[in-house]
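>>> The following block contains a protein sequence and its predicted model.
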Amino acid sequence: MKKTLITGAAGFLGSHLCDRFIAEGHHVIGMDNLITGDIKNIEHLFHLKRFEFFHHDVTKFVHVPGKMDYILHFASPASPIDYLKIPIETLKVGSLGTLNLLGLARDHGARILVASTSEVYGDPLVHPQSEDYFGNVSPIGPRGVYDEAKRFMESITMAYNRHHGLDTRIVRIFNTYGSRMRLNDGRVVPAFMGQALRGEDLTVFGDGSQSRSFTYIDDQIEGIYRLLMSDYVEPVNIGNPDETTILEFAEEIIKLTGTDQKIVFKPLPQDDPMQRQPDISRAKEILNWEPKVHRSEGLKKVFEYFKSLSHDQLWEAHRDFSPNG
């Protein structure tokens with residue numbers, strides 16, 4: 001039986017990865033310090049003998065006994081609200097956390113996949129963004145704590161691959177949505193849906209002309225799994241090239257939810273990228289992967305999920321959002 005460590009296991013992507021690797025027959029060790037993750041996302045796995053959970057901060061020394069086949073490093077704040085609130089922790093998990101896990105992978109002879117992000121492209125001057133674009137990032141801007149943490153993560157991962165011969169993979173994740181997203185995490189899908197369900201006006205930052213491309217969670221997990229099982233070591237974009245503006249997206253949400261709220265506009269946050277669309281030529285060629293779930297279908301599924309939340313959960317998230325996503 002393959003043994004797989006997944007960090008950030010109680011988060012949105014991490015919990016879905018736990019489900020996938022359990023389904024694939026792996027023994028899964030989930031690790032999370034719960035700074036942004038929610039233990040409820042993985043409670044359904046606790047009765048399984050093939051699942052263990054370690055409450056641990058990967059920026060501290062990481063020890064896992066026994067053999068290890070795969071490590072997936074997904075521990076990190078991933079939304080603007082989170083990483084602007086805990087900037088030091090964000091930088092540490094991308095640097096010290098990655099260093100610790102690369103060392104663990106080397107000790108165990110394990111293959112490691114690290115979760116990078118489309119944010120390494122910053123506010124891109126090239127559109128769509130392919131993996132050979134170096135990006136346009138402000139290292140001292142407020143969003144730089146996340147962008148540069150991920151850029152360092154990629155750099156040290158490739159250094160371990162080249163210098164130590166470590167078996168590594170790098171996935172660049174574009175905007176992903178699905179069940180288990182937190183309503184108050186500031187990303188555009190839960191922000192808009194939470195506002196719609198509470199009967200609030202939808203907040204658009206700037207004039208809404210900034211674009212995003214949204215990937216449904218099932219497609220994202222499939223792309224990550226295929227990359228891990230491939231023999232390709234350089235970064236690969238996993239995202240949906242179906243681009244839309246934030247204003248168009250707000251109008252889609254109003255139509256989907258059957259609400260009649262207005263759209264209100266607020267100033268655009270500093271360094272908010274104006275365009276975000278992946279070039280997935282590499283994923284198509286190397287992994288034979290492309291997204292299957294159309295946005296209209298995925299949004300219906302995630303809307304049903306958010307509608308199932310309790311009144312308390314819905315209103316606990318009542319606050320100003322920054323849906324830049």
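Perfect, I can see it now.

>>> Do you have the helices of the stretch 101-250 of the chain handy? List them.
144-164, 188-197, 217-228, 246-257 (DSSP state H, counting those that start in this stretch).

>>> Select, out of the ones you listed, the one closest to Phe46.
The minimum distance between Phe46 and those falls on helix 217-228, with 20.5 Å, by Cβ to Cβ. Just so you know, the C-beta spots here come from the backbone N, C-alpha and C atoms, and that holds for glycine as well.

>>> Minimum distance to Tyr83: which of the helices of the stretch 101-250 of the chain has it?
Of all those, helix 144-164 sits nearest to Tyr83, with 4.4 Å by Cβ to Cβ.

>>> and Ile280, which of the helices of the stretch 101-250 of the chain is closest to it?
Nearest of the helices of the stretch 101-250 of the chain (Cβ to Cβ): helix 217-228, 8.7 Å.

>>> Distance from the chain centre to that closest one, please.
From the chain centre to the centre of helix 217-228 is a distance of 12 Å (Cα atoms, centre = their mean, to the nearest Å).

>>> Repeat that for stretch 41-50.
The answer for stretch 41-50 is 22 Å, by Cα atoms, centre = their mean.

>>> Repeat that for stretch 176-183.
10 Å.

>>> tell me which residues in that stretch are buried?
Thr176, Tyr177, Gly178, Arg180, Met181, Arg182, Leu183 (16 or more other Cβ atoms under 10 Å).

>>> and those, which of them are in strands?
Judged by DSSP state E, the subset of the buried residues of stretch 176-183 located in strands is Thr176, Tyr177.

>>> of the buried residues of stretch 176-183, closest to Ile246?
Tyr177 (13.7 Å).

>>> how much space between that closest one and Val188?
Per Cβ to Cβ, to the nearest Å, Tyr177 is found 8 Å from Val188.

>>> got it, and Glu297?
Taken as Cβ to Cβ, the span from Glu297 to Val188 is 18 Å.

>>> Neighbour count: those two, which is higher?
More crowded of Glu297 and Val188, by other Cβ atoms under 10 Å: Val188, with 26 against 10.
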